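Enquirer: here is a sequence together with a model predicted from it:
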Amino acid sequence: MLKEIALAWMYALGAFSDDKTHKYDIPVCVIRSIILSTYLITNSIICAGVVRHWNDGIASLESLRDDAISVEKVSLSVENYPERYYKWYNK
């Protein structure tokens, strides 16, 4: 039973049934299994990070709203800037 599962796993990962590459089927299966497991681990870590930080942006949106309100209170007219910043404007 276990040998049949291993054989099915080898064929699922791309093992061939010819005599030329038969001796390389097991090493290729091991290498491809390692590559597949690293993909799965990497994707799991990325998904866990996304889930962990899912609603972190809500607090920063509220702080942005507060910052926008405080910016509206500041006058942005040319008279509030030093002369060197608007000298080109008066030409």
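Expert: That came in fine, so what should we check first? Residues are numbered from 1 along each chain as shown.
Enquirer: now do the helices in this structure.
Expert: 2-12, 25-52, 57-73, 83-86 (DSSP state H).
Enquirer: what is the neighbour count of Met10?
Expert: When neighbours are defined as other C-beta atoms under 10 Å, Met10 has 19 of them. No exception for glycine: its C-beta is placed from N, CA and C like everyone else's.
Enquirer: low-confidence stretches in the chain?
Expert: 57-91 (pLDDT under 70).
Enquirer: ok, 80 please
Expert: 15-19, 21, 55-91 (pLDDT under 80).
Enquirer: mind exporting stretch 18-35 as PDB, just the C-alpha atoms?
Expert: Coordinates of each C-alpha in stretch 18-35 appear next as PDB, following Å, rounded to 0.1, in the frame of the first residue of the first chain:
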ATOM      1  CA  ASP A  18      11.000   4.600 -19.300                       C
ATOM      2  CA  ASP A  19      14.100   2.600 -18.700                       C
ATOM      3  CA  LYS A  20      16.500   5.400 -19.400                       C
ATOM      4  CA  THR A  21      15.600   7.600 -16.500                       C
ATOM      5  CA  HIS A  22      14.300   4.900 -14.100                       C
ATOM      6  CA  LYS A  23      17.400   5.200 -11.800                       C
ATOM      7  CA  TYR A  24      16.800   8.900 -11.400                       C
ATOM      8  CA  ASP A  25      13.100   8.700 -10.500                       C
ATOM      9  CA  ILE A  26      13.600   8.600  -6.700                       C
ATOM     10  CA  PRO A  27      16.200  11.500  -6.500                       C
ATOM     11  CA  VAL A  28      14.100  13.600  -8.800                       C
ATOM     12  CA  CYS A  29      11.000  12.900  -6.600                       C
ATOM     13  CA  VAL A  30      12.900  13.900  -3.400                       C
ATOM     14  CA  ILE A  31      14.100  17.100  -5.000                       C
ATOM     15  CA  ARG A  32      10.700  18.000  -6.300                       C
ATOM     16  CA  SER A  33       9.100  17.100  -3.000                       C
ATOM     17  CA  ILE A  34      11.500  19.500  -1.200                       C
ATOM     18  CA  ILE A  35      10.700  22.300  -3.700                       C
END
